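# Sequence first, then the predicted structure:
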Amino acid sequence: MANTECGIYCIVSKLPITSHRIISGLESLQHRGRDSFGVSYLNHNHLKVEKHQGLVRNLDVRIVSPVWLGHVRYSTSTKTMKYCQPILSNSFSIVHNGNIKYDIWERILLEEKIYHNPEDSDTYKLASLLEHYLQNNNYTMEQALVKLLNTVEGSFCVLVQTKDNIYIVRDRYGFKPLNYLREGNRIDITSESENPLARPIERGSLFKLNIWSLDMTKLYQFPEPKTKKCIFELVYFMRESTYFDDRSVKEWRQDTGEKLFLQTRDKFSRLDKSNTLVCGVPSSGIVYGEAFSHYSGFEYCQFLKKKKDYPHRTFILPDNTKRMDACRKKYFMDIDIKDKNIIILDDSVVRGNTMKFLVDYLRDFQPKEVHLLVGCPEIIQPCFYGVDFPDIEELVANKMSSSEMKDYFKLDSIAFLDLSSLKDSDSYCSACFDGKYPF
């Protein structure tokens, strides 16, 4: 898979601004990708692109531009700089977040008679397809993007920068989050926003934002779009302080913590509240843990902590060796839990490597009992829409039952959230849990 979870940040301003603004925005999305980052901007009315591997870092502050288009990339393959974004074409630069299935690309590129390297990233193929529409079909950019929106069935948020406009495209299902916020003489477009005034880009839509006037116009709406938001964005990827369309991520996770309490209330009724501690696995499990503690009445205590000098996520590391090494560097304990009943909450269990390490680590402190609650169902299927789950045989839920996982992880009990509790409507894609793919 050449494209997985990534982050998009764009700033358009009536007053030229330095690179500091875009770098600050990309740093807030670093959890969505750490393999590379890049920006495109206007310099003397020419599009310029600067890309670097690794974490976001400062650029030359002497460069000023009225528009900055940025991207952070997370991929476990195809790491060559060729595929780092933005990708610069003859008349535009492009960034993309999401994933488009290979068989869809095969059909489209065969129909259009475009040669491609199977290893090319989705963004690279999107750029090639747009160039084809512009040059061979003599389409305008607007016509090319409408054609793309109607032809490409997949998970994508796409921003295209030209000398005068930013074009914004969100797929017909709205798999990935994308928001915009107008503040005075500036508009921000981003994968995640903490501002409750930010508005979602409508699914299946094409917008044009003029970089000189800041006029934002809807050019096209896909007929009868279906909502299939990626539920794993809410479960894990997004920061708790942000919004997926109009839904607060924090409130969604708090609701999930309550559902876990209702699901396990009878099982834990025997535990002594004066000798039981609840803890969320930092950082994405904390909200689940706090909410469960609130509803259950068990004391919340953050006895498992994350070292400040290791802020990165183990999920997005490329192999098990690096993930386990990260666990050893990432967590520490500073509270005595000897002879305590402890209930830990985490957002998900994918491969099981992190959880195996954590429970072994906690057992060294001699608790009386260790219980695990998981904020989503068992992950049993791969994702084709932008989350880089491992091959199906690596998913721990496909290797063992819940009972076997309890013994493998050395737990006194384990409970995954019921799928029926997780899906409060049909607006989410849950294919990784039930194998029911939207297409």
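Thanks, I have the structure now.
# helices or strands next to the lengthiest strand in the chain in the packing?
When the chain is parsed with DSSP state E, its longest strand is strand 7-18. Under the contact criterion of 3 or more Cβ pairs under 8 Å, 6 or more residues apart in numbering; DSSP states H and E, strand 7-18 touches helix 19-27, strand 64-73, strand 93-99, strand 155-161, strand 186-190. (C-beta placed from N, C-alpha, C; glycine too.)
# quick one, it and strand 186-190 angle?
160 degrees (axes from the mean of the first three to the mean of the last three Cα atoms, to 10 degrees).
# Quick check: closest non-adjacent residue to residue 171.
Of all residues not flanking residue 171 in the chain, residue 156 sits nearest, at 4.8 Å (Cβ to Cβ, 6 or more residues apart in numbering).
# which residues does that neighbour bridge with?
Counting by DSSP bridges, residue 156 forms beta bridges with residue 98.
# Tell me how many other residues surround residue 429.
26 (other Cβ atoms under 10 Å).
# Could you do residue 202 as well?
Residue 202 has 17 nearby residues by other Cβ under 10 Å.
# try residue 189
Count around residue 189 with other Cβ under 10 Å applied: 25.
# give me every residue that touches the residue nearest to it when sequence neighbours are not counted.
Leaving out its chain neighbours, the residue that sits closest to residue 189 by Cβ to Cβ, 6+ apart is residue 10, at 4.2 Å. Contacts for residue 10 (Cβ atoms under 8 Å, 6 or more residues apart in numbering) come out as 67-70, 159, 161, 166, 188-190.
# Hmm, residue 307 and residue 332 touching each other?
Yes - in this structure, residue 332 is within contact of residue 307 by Cβ atoms under 8 Å, at 6.0 Å.
# Once you drop chain neighbours, what's closest to residue 193?
That would be residue 179: by Cβ to Cβ, 6+ apart, it lies 4.4 Å from residue 193.
# Name whatever forms a beta bridge with the residue nearest to residue 189.
Beta-bridge partners, per DSSP bridges, of residue 10: residue 69, residue 189.
# Against residue 203, how distant is it?
Distance of residue 10 to residue 203, computed by Cβ to Cβ, to the nearest Å: 18 Å.
# same deal with residue 109?
Per Cβ to Cβ, residue 109 is found 25 Å from residue 203.
# So between the two, which is more surrounded?
residue 203 (21 against 18).
# surely residue 65 meets residue 40?
No - the pair residue 65 / residue 40 is not scored as a contact, 9.1 Å apart, by Cβ under 8 Å.
# Who has more neighbours out of these two?
residue 40 (28 against 23).
# Identify the bridge partners of the residue nearest to that one when sequence neighbours are not counted.
Sequence neighbours aside, residue 93 is the residue nearest to residue 40 in space, at 3.9 Å (criterion: Cβ to Cβ, 6+ apart). Going by DSSP bridges, residue 93 is paired in beta bridges with residue 88, residue 161.
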